[in-house]
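# Got a predicted structure plus its sequence, pasted below:
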Amino acid sequence: MNLEAVIGLEIHVQLNTKTKTFCSCSTGFGAVPNTHTCPVCLGLPGALPVFNRDVLKKGVMAGLALNCTICSYSVFARKNYFYPDLPKAYQISQFEHPLNRAGFVRIKDERGKERSIGITRAHLEEDAGKLVHDDDPKGPSFIDLNRCGMPLLEIVTEPDLRTPDEAYRFLVAVKEILQYTEVSECSMEKGELRVDVNVSLRETGEDAFGVKQEVKNLNSFANVKRALEYEIKRQSRLIRSGERLTQQTRLFDVSKNATVQMRTKESAHDYRYFPDPDLVPIELSPQEIDGIRETLPELPEERRDRIKAQYGLTDYDVEVLCSSHKIARYFEDSARGYKRPKKIANWIHTEVMRALNETGKDIESFAVTPERLRELFEIMDGGVISGKLAKAVFDEMAASGETAAEVVERKGMRQLSDREEIVDVVEAVIRDHAAVTDEYRSGKKKAFGFLVGQVMKRTGGKANPKIVNELLKEKLSNQPGVEDH
Ligand SMILES: [Zn+2]
């Protein structure tokens, strides 16, 4: 029996508005528990929600970036259930009438083949609070309602994904699109992006779906992949041994690298959705939608194609540079008006990436700004410093926050291009290494590199390599004893 997996995802993304969805409480992260609250998000009786238009704008932007149809009419509904982190005992969400429908995201599969993954809907909803449990299982639990009412976009895919790797690639692509669009930072550490997966198996070639199992609240893409891999193995073992699966909701236990049952279909919630009587339906005119469309930035796919063509880069360069929109922007700002952008691209994916890793800095707070990086290249091209020393200058710039010119001046790194000065060193090296010089003259060309190295060493790496080469060749081609001293 040949089994294939059918995978669908639900992604919750926190939209980065300044205030919550239905009140003016701050969405700031890391505040003292229960300080970003008010009667509306605490669910106190009589408090009325007021919809934040910025949530709508960001929801539409995300929908457009995910190639969705934006609905001119959408409705907030109450999703009723009881849980200690939900003081109103209902969550405001969208059910029958979501904001965005029928989108897609293109990904490349393992073999580099392009696949289009359908998005069923992307609707707006509010977040619930957070329970904080004591380390001691017998200890108390605490509640932090700061997260209550935070704006979320829930993206639901079609059952189009087939492998854990595809699911991973899709998530990377969605995260990139949302970050480019600047509707969310998508920081998984801060819980701004959470994923539920559902997966079922069926015989390859069948159209009907198998019994699906859901795994909730995965907080990293790596865990999504691991949970799916585990589930596919588990389900395939059960099916092959002739067991009948029942629909379940499961949790992923990171320490065991396994999923465990949370609830069965029989105990599934009946949310008794109904339109929220406190909120009017959202109506959007085509003009309003077009107005938001005009504010959309260039998306990852377009930017990759343009950057590749505009700067004459390879696929690899583009992959690295566009891995984040901030790096892509840094590259374009650095390369502005510079005649050899490929050199800057190489430098970014070697030196800049290394420096960021070492300093733990974000590209936006990195001391070597795009303008300063370009200046370093201009100084190098102008022969003020050698390419060899450029790395050292760059490291100094990153550490001290100085410009390239300031570092070169302070450290006395200016390239030695004075022939008179270099010729003295060249002659001294030839004199001091008579044996090697003889080897070179008798045809051992390798000896030349050694002599160049000696000259560079004596000048502290500052001699202009081109001049060193010329002078060495000139002096070595002179017959010994015929030189005019
Ligand atoms: Zn509030």
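Perfect, I can see it now.

# ok now do the residue nearest the centre of the chain, which residues does it touch?
Geometric centre of the chain, nearest residue: Ser324, 5.0 Å, by CA atoms, centre = their mean. Neighbour list for Ser324: Glu176, Gln179, Ile363 [criterion: CB atoms under 8 Å, 6 or more residues apart in numbering]. To be clear about C-beta, it is placed using only N, CA and C from the backbone, and glycine gets the same treatment.

# Average pLDDT for whatever helix or strand Ile117 lives in, rounded please.
Using DSSP states H and E, Ile117 sits within strand 114-126. Summarised as a single mean, pLDDT over strand 114-126 is 95.

# With only the CA atoms kept, save whatever helix or strand comes next after it in PDB.
Going down the chain from strand 114-126, the next helix or strand is strand 130-133, by DSSP H and E. Taking Å, rounded to 0.1, in the frame of the first residue of the first chain, the C-alpha atoms of strand 130-133 are listed here in PDB:
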ATOM      1  CA  LYS A 130      -2.300  33.700  28.600                       C
ATOM      2  CA  LEU A 131      -2.200  31.200  31.500                       C
ATOM      3  CA  VAL A 132       1.100  31.000  33.300                       C
ATOM      4  CA  HIS A 133       1.500  27.800  35.200                       C
END
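
# moving C-terminal of strand 130-133, what's the next helix or strand?
strand 141-144.

# Can you name the residues in contact with the strand or helix carrying Asp305?
Secondary structure assignment for Asp305, by DSSP H and E: helix 300-311. Residues outside helix 300-311 that contact it (CB under 8 Å, 6+ apart) are 106, 173, 176-177, 180, 298, 313-315, 317-319, 321-322, 325, 328, 331-332, 335, 341-342, 345.

# Contact partners for Phe450?
His433, Val436.

# What separation do you get for it and Glu4?
For Phe450, the distance to Glu4 (CB to CB, to the nearest Å) stands at 62 Å.

# Only the buried residues of stretch 3-18, if you could.
5-17 (16 or more other CB atoms under 10 Å).

# closest to the ion among those?
Relative to the ion, the closest of the buried residues of stretch 3-18 is Thr17; by CB to the ion it sits at 12.8 Å.

# what's that closest one in contact with, if anything?
Counting by CB under 8 Å, 6+ apart, Thr17 has contacts Thr27, Asn52, Asp54, Val55, Lys58, Pro151.

# Spatially, and excluding backbone neighbours, which residue is closest to the third one.
Right, the one you point to is Asp54. The spatial neighbour of Asp54 that comes closest, neighbours along the chain excluded (CB to CB, 6 or more residues apart in numbering), is Thr17 at 4.5 Å.

# Can I take it that that neighbour is in a strand?
No. Thr17: not assigned to a strand; according to DSSP: H, G, I helix; E, B strand; the rest coil it is coil.

# Now do it against Thr27, distance only.
6 Å.

# what does the protein have sitting close to the ion?
Cys23, Cys25, Cys38, Val40, Cys41 (CB under 5 Å from the ion).

# one more time with 8 Å
20, 22-25, 36-42, 148-149 (CB under 8 Å from the ion).

# Of those residues, which belong to helices?
Residues from the residues of the chain next to the ion lying in helices, with DSSP state H as the criterion: none.

# Return the member of those residues nearest to Ala435.
His36 (77.9 Å; CB to CB).

# Now do the contacts for the closest one.
Lys20, Cys25, Ser26, Thr27, Gly28, Asn146.

# Pull the number of nearby residues for the fourth one.
The reference is to Thr27. By other CB atoms under 10 Å, 21 other residues sit near Thr27.

# Also Lys256?
Lys256, neighbours per other CB under 10 Å, totals 9.

# Sweet, I'm off.
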